[in-house]
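Asks: here you go, sequence then predicted model.
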Amino acid sequence: MRSWERALSVLEALCERGQAAGHGWTLDTELLPPHQQQVNALESQGLVELAGREDRAELSALEGRPVRWAAG
């Protein structure tokens, strides 16, 4: 798979999971660590947003558990 195809696949997964969750974020429990690393690489290119501390705190309150990583 080419790198742009992999990036597109990851972006589609983020969009689907964020919409399904209702809050627009894909959470740490929804992606395997290798996929999280791909998302982190896309964030460095400005293609996705990683949740900051405040957003993760709000997500933690919504989820009723600590959210350590989220992307949207």
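Replies: That came through, no problem. Residues are numbered from 1 along each chain as shown.
Asks: next up, the contacts around Arg56.
Replies: Contacts for Arg56 (Cβ atoms under 8 Å, 6 or more residues apart in numbering) come out as Val67, Arg68, Trp69, Ala70. To be clear about C-beta, it is placed using only N, CA and C from the backbone, and glycine gets the same treatment.
Asks: list buried residues within those residues.
Replies: Val67, Trp69, Ala70 (16 or more other Cβ atoms under 10 Å).
Asks: where do the helices of the protein begin and end?
Replies: Here the chain has its helices, by DSSP state H, at 3-21, 33-44, 53-63.
Asks: run the chain-centre distance for the last one.
Replies: Put plainly, it is helix 53-63. Distance of helix 53-63 from the chain centroid (Cα atoms, centre = their mean, to the nearest Å) equals 13 Å.
Asks: so which bits of that helix are buried?
Replies: Buried residues in helix 53-63 (16+ other Cβ under 10 Å): Asp55, Arg56, Leu59, Glu63.
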